[in-house]
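# this one's structure only:
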């Protein structure tokens, strides 16, 4: 038993040493990334420092696939391979410094999208570079790496669970006060250092060749006997849905593109990975030959649906990525249709190029989206007569739908870019200036369910939580009563009894066992809803012959059907101020 453990430890040590010797720069990048993350785990730093450390960790993590790609490039039999090997580390550090200072100056949706795209391109380059020189069985190489990657992370997860159990046992049995942050440290070391370094030791050297006979039997059964039938059934369902659309002439909102795209991406990957089996399995051969033709009409349906969405709402980053992925997968399917002997290495090469181009240059998703949304804003302002001679004219009496459309563009720039990038607005424009510039306050839109209801949730802003009493005698906190959780609450104090039902939305106030006030909150909110939604005014004043009351709404959720005017309040939490008359 001891000899087996010693042999296992020696084997693991040799693998790690081989990995570090072959990919020293990548191992160093993984070590540096994990070190920064552990520092962040233990250091309660200011927000600015946390963001700086996060950017540093992201940059170092990007260095991992960059060094891998450059290292496998240096291993190729070329005259400049040795020079590249010598310059690899300074070249990588130069790239990372430029990226950190120029392209990752802040954390935003734009910089994060760019980071993901660049990381994907670098990992893909690491995959395809060894097979650019007409080497065969690239699919087996990718499959081999995938299996080893999964096995390595299975080992890492097992190691983490074992070490975590040891720490927990020590903590429970010996009353040792161990920090909970140690568990995250362990996970970072196992998943961020141990697993990558061990995986790099499994990467085949250039001299190793793979043959179709090495195709894993388990995966062959999975792909041929399970995934091919499932995708075939899914194809039939999509064609039936396509027929329904043609008959009813009704296009669903934003559904078709995602259904078809993910299905097409999975199908492309399956055809790619089945390539070594085409000469050995009739089902794999027929599927690879016929399926690309069957999927083309569905891809056409996807582009029509996307075109309708873009025509109605303009280009955004997400729609741009879906469109780019759709173009790439369509190109792959056409390539499979017309190429008798496809070179599958072209798939990751072209995908890396697409990933890079979608976030780089004047044709990037960011530039295209800014341009499209600026044009859409101009079109809407002209449509609703808010733009006269190039200047915005305030119009307070627009329809709610018009306010939604204009506000949605303002919200898009606020959330994804900046308000300064709206060409028609001054550089110092803020959301609070909406009423002054457009004539109406910022109007929120809400997701619409299949039943036509718009679901909403409002919460009291922080700046409105300093509450003046203004002579009121009683203050009641009714913010934690929800339908189905806390059904009803009754508060008795100084002769007053306040009862509120979260299910019925009924508030009853009694004094000396005599009812002096009763109100249905749903009716009260419905009466005040137009004012509440347009002004964002969270305060409702009510009275009767006995009491003056002030409701300060802390949060409210429900739904609205604009076609019928129906309003439903699912839950409301509020502060109540009471004064005798």
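Yep, that arrived. Note that the structure is predicted; figures quoted are calculated from it, not measured.
# CA only for contacts and neighbour counts going forward, please
Fine.
# What residues does residue 72 make contact with?
Applying Cα atoms under 8 Å, 6 or more residues apart in numbering to residue 72 gives the contacts 126, 129, 130.
# wait, residue 319
Counting by Cα under 8 Å, 6+ apart, residue 319 touches 306, 310.
# I'd like to know how far it sits from residue 333.
21 Å (Cα to Cα, to the nearest Å).
# before we move on, the earlier item: which of the contacts of residue 72 fall in helices?
If you go by DSSP state H, those have residue 126 in helices.
# Filter the contacts of residue 72 down to the buried ones.
126, 129, 130 (16 or more other Cα atoms under 10 Å).
# Against residue 268, how distant is the second one?
Just to be clear, that refers to residue 129. From residue 129 to residue 268 the distance is 20 Å (Cα to Cα).
# ditto for the last one
Taking Cα to Cα as the measure, residue 130 and residue 268 are separated by 22 Å.
# Can you tell me what sits against stretch 55-66?
For stretch 55-66, using Cα under 8 Å, 6+ apart, the contacting residues are 25-27, 29-30, 32-34, 36-37, 92-93, 96, 99-100, 104, 106-107, 115, 119, 122-123, 126.
# same thing with stretch 383-402?
With Cα under 8 Å, 6+ apart as the test, stretch 383-402 has contacts from 378, 381, 382, 424, 435, 436, 437, 438, 439, 440.
# Need the distance between the two termini of it.
First-to-last residue span, stretch 383-402, Cα to Cα: 9 Å.
# any idea of the mean pLDDT for that stretch?
Taken as a whole, stretch 383-402 has an average pLDDT of 83.
# Equivalent analysis for stretch 230-237, please.
Confidence over stretch 230-237 (mean pLDDT, whole number) is 92.
# buried residues in it?
For stretch 230-237, by 16+ other Cα under 10 Å, it's 231, 235.
# contact partners of that stretch?
263, 267, 295.
# so what's the last one up against?
Meaning residue 295. So residue 295 contacts 235, 264, 333 (Cα under 8 Å, 6+ apart).
# what separates the residue lying closest to the last one once chain neighbours are set aside from residue 142, distance-wise?
Once flanking residues are discounted, residue 333 sits nearest to residue 292: 5.1 Å by Cα to Cα, 6 or more residues apart in numbering. As for residue 292, its distance to residue 142 is 22 Å (criterion: Cα to Cα).
# domain ranges for the protein?
2-200, 215-360, 366-438, 454-580 (automatic domain parsing).
# Of all the ones you listed, which one is nearest residue 208?
Comparison of those against residue 208 by Cα to Cα identifies domain 2-200 as nearest, at 10.1 Å.
# And that closest one, how far out from the chain middle?
22 Å (Cα atoms, centre = their mean, to the nearest Å).
# I'd like the average pLDDT over that domain.
Throughout domain 2-200, pLDDT has a mean value of 89.
# same deal with stretch 491-502?
81.
# Just the contacts of residue 295: which are in helices?
235, 264, 333.
# Next one: the first one relative to residue 295, how far apart?
Using Cα to Cα, residue 235 is found at 8 Å from residue 295.
# cool, the last one as well?
Counting by Cα to Cα, the separation of residue 333 from residue 295 is 8 Å.
# and for stretch 42-49, what are the contacting residues?
residue 181.
# sorry, back to before: of the domains of the chain, which approaches residue 209 most closely?
Once these are compared by Cα to Cα, domain 2-200 is nearest, at 8.5 Å.
# Tell me the buried residues in stretch 429-436?
residue 434.
# what's the first-to-last distance across it?
End to end - Cα to Cα - stretch 429-436 spans 10 Å.
# Could you list the buried residues of the host helix or strand of residue 337?
Counting by DSSP states H and E, the element that carries residue 337 is helix 317-338. Buried residues in helix 317-338, defined by neighbour count with 16+ other Cα under 10 Å: 317, 319-326, 328-330, 332-333, 335-337.
# what do you get for stretch 203-218?
residue 215.
# and it, average pLDDT?
pLDDT averaged over stretch 203-218 gives 80.
# From the contact counts, what lies against whichever strand or helix holds residue 525?
When elements are assigned from DSSP H and E, residue 525 belongs to helix 521-535. Contact analysis of helix 521-535 by 3 or more Cα pairs under 8 Å, 6 or more residues apart in numbering; DSSP states H and E lists strand 566-580 as its packing neighbours.
# Show me what the strand it packs on pairs with in its sheet, parallel or antiparallel.
Paired strands of strand 566-580, with direction, are strand 474-478 (antiparallel), strand 547-561 (antiparallel) (DSSP bridges).
# if I pick residue 168, what's in contact with it?
Counted by Cα under 8 Å, 6+ apart, residue 168 has zero contacts.
# ok, now how distant is it from residue 183?
According to Cα to Cα, residue 168 and residue 183 sit 9 Å apart.
# again, but for residue 302
Counting by Cα to Cα, the gap from residue 302 to residue 183 is 45 Å.
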